[in-house]
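Novice: starting from these lines, generate the structure:
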Amino acid sequence: MRLRQDPPSVTQSQPRSRKRKSPPSADALQPVPPPPPPSTMQHTLPPAHTLVPPAHLPGHPIPPPGYHYPPGDFPSTGLPPPHSLGPPPPTEDQRPQSQPSNGANTTNTMSAGTNRTLSQSKRAEQNRKAQRAFRERRDQHVKALESRSQLLDAALASADEANRRWEECRALVDQLRIENAALRAALSQSQMLGSGSSAAPGGNDENRSAGTTKAAEEPKE
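Specialist: Model prediction:
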């Protein structure tokens, strides 16, 4: 059970020795000692990240998993040699590429500055247009209010004139009513006087006609 839990031991392949015709000795018949504990194995092997060379270094392919590194490639401390850690010196092909990159950066900076200037000019133009439109709308609104005020003043003036005429007409109607009542009273009085004077002359005529008839009848007798 203990052998299954322990990690497999790393043993180097030993060269096969020639078979001996003599019988095996007592040392050969002794059992194989157990592998050391995993703690000692971890101290003997270098860390995993130090065994992998950088990806940009040519000529150092990444070994497949399970590959046994020879002891001469790395020192006993587990770190690669210092010349393998630093980046390679720039070559002649790489040096000219830095100059175009600087030119590209300068071009990008200039284009960014021009774009910023254009954006600021566009924003200022938009602000001017917005202010102009606001002033136009304000002037139109003020003109509309002035026209409405003029119309209201004219309506108030016409209303005052109509009220004045209505007062004059009402006074005229009252005067005409008074004159009409006076004329009716005078007409009724004149009618009463005319009916009384016409009744008196009619009685005298009747008396005269009766006297004449009597005088005519007397000689006949």
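
Novice: count of neighbours near His141?
Specialist: 10 (other Cβ atoms under 10 Å). For glycine as for every other residue, the C-beta is placed from the backbone atoms N, C-alpha and C.

Novice: er, Arg128 I mean
Specialist: 10.

Novice: now do the one 4 residues further on
Specialist: Each residue near Arg132 was counted by other Cβ under 10 Å, and the total is 10.

Novice: now it, what's its secondary structure?
Specialist: helix (DSSP: H, G, I helix; E, B strand; the rest coil).

Novice: spit out the contact partners of it.
Specialist: By Cβ atoms under 8 Å, 6 or more residues apart in numbering, the contact set of Arg132 is empty.

Novice: can you show me the CA trace of stretch 139-146 as CSV?
Specialist: Output of stretch 139-146 as CSV, limited to C-alpha atoms (Å, rounded to 0.1, in the frame of the first residue of the first chain):
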residue,chain,number,x,y,z
ASP,A,139,-36.4,86.4,-31.7
GLN,A,140,-39.3,84.5,-33.3
HIS,A,141,-40.9,83.9,-29.9
VAL,A,142,-40.5,87.6,-29.0
LYS,A,143,-42.1,88.7,-32.2
ALA,A,144,-45.0,86.3,-31.7
LEU,A,145,-45.5,87.7,-28.2
GLU,A,146,-45.4,91.3,-29.5
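
Novice: what comes up buried for that stretch?
Specialist: The neighbour-count check on stretch 139-146 (16 or more other Cβ atoms under 10 Å) flags nothing as buried.

Novice: state the mean pLDDT of the helix or strand containing Ile178.
Specialist: Following DSSP states H and E, one finds Ile178 within helix 95-217. Averaged across helix 95-217, pLDDT comes to 81.

Novice: distance of Ala187 from Leu193?
Specialist: Quick fix: residue 187 is Leu, not Ala. 11 Å (Cβ to Cβ, to the nearest Å).

Novice: check Leu145 too.
Specialist: 72 Å.

Novice: ditto for Ser158
Specialist: Distance from Ser158 to Leu193, by Cβ to Cβ: 52 Å.

Novice: do the same with Arg164
Specialist: Distance from Arg164 to Leu193, by Cβ to Cβ: 44 Å.

Novice: try Arg170
Specialist: 36 Å.

Novice: same check, this time on His141
Specialist: 78 Å.

Novice: ok, Gln150 next?
Specialist: 65 Å.

Novice: please apply the same query to Ala171.
Specialist: In terms of Cβ to Cβ, Ala171 sits 34 Å off from Leu193.

Novice: same deal with Ala182?
Specialist: 17 Å.

Novice: again, but for Arg135
Specialist: 87 Å.

Novice: equivalent analysis for Gln140, please.
Specialist: 79 Å.

Novice: before we move on, what about Asn180?
Specialist: 21 Å.

Novice: now Ala112
Specialist: Ala112 is 121 Å from Leu193, by Cβ to Cβ.

Novice: what's the answer for Arg184, then?
Specialist: Counting by Cβ to Cβ, the gap from Arg184 to Leu193 is 15 Å.

Novice: can you check Phe134 too?
Specialist: 89 Å.
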